[in-house]
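Trainee: Fold the stuff below for me.
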Amino acid sequence: MMSTRLRRRALAAVLLIQAFALPAFASLGGNLGSISDDQLKMKGELRTTMGTRFTVHEITTAQGTLVREYAAPSGVVFAVSWNGPQMPDLRQTLGSYFPQFLAAPRPAHPNHAHFAINQSNLIVQSSAHMRSYSGRAYDPTLLPADVSATDIQ
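Mentor: The predicted model follows:
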């Protein structure tokens with residue numbers, strides 16, 4: 001029989017492994033292999049629009065928020081944007097960039113309606129008004145050569 005102490009250690013180890021497991025979502029910097037995982041996680045409808053310079057995968061949640069994932073021809077998601085009555089899960093949307101987002105310096109007197117982070121490999125711009133959230137995040141180093149930040153809407 002396993003002792004209580006040993007069971008607790010085993011449970012703690014399992015919980016620790018789960019806490020550090022990376023989600024397999026096509027978030028910023030991710031690949032296209034798991035767009036359907038995002039759709040399932042957000043419980044939304046997926047629509048894909050292919051262009052010559054990039055592909056946009058749009059997921060509309062049941063609450064009406066539209067999340068766009070911009071993918072380069074190489075399959076790398078170089079940008080994400082959102083617009084709707086609820087903020088998307090930024091941990092999911094920003095993926096491996098989320099810790100950098102959390103650690104980014106904040107202004108001494110933040111404007112709660114508008115927020116921006118400008119770093120060499122992470123740009124986040126967000127605004128919020130009552131039940132209206134919009135924003136975008138992208139890695140300038142991942143932008144395809146013929147794509148500019150104004151293409152991310």
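
Trainee: Helix, strand, or coil at Leu94?
Mentor: Under DSSP: H, G, I helix; E, B strand; the rest coil, Leu94 falls in the helix class.

Trainee: surely it meets Glu69?
Mentor: No. Using Cβ atoms under 8 Å as the test, Leu94 is too far from Glu69 to be in contact (11.5 Å). Quick note: C-beta positions are derived from backbone N, CA and C, even for glycine.

Trainee: more crowded one of those two?
Mentor: Legend: neighbour count by other Cβ atoms under 10 Å for Leu94 and Glu69, higher for Glu69 (25 against 21).

Trainee: For Phe78, see how far away the residue most central in space within the chain is.
Mentor: Centroid-nearest residue in the chain, with Cα atoms, centre = their mean: Thr93, separated by 1.3 Å. Here the criterion is Cβ to Cβ, to the nearest Å. By it, Thr93 lies 13 Å from Phe78.

Trainee: Now do the shared contacts for these two.
Mentor: Residues touching both Thr93 and Phe78 by Cβ atoms under 8 Å, 6 or more residues apart in numbering: Leu28.

Trainee: Now do the helices for this protein: every range, in order, please.
Mentor: In the chain, the helices defined using DSSP state H lie at 4-20, 35-42, 90-94, 98-103.
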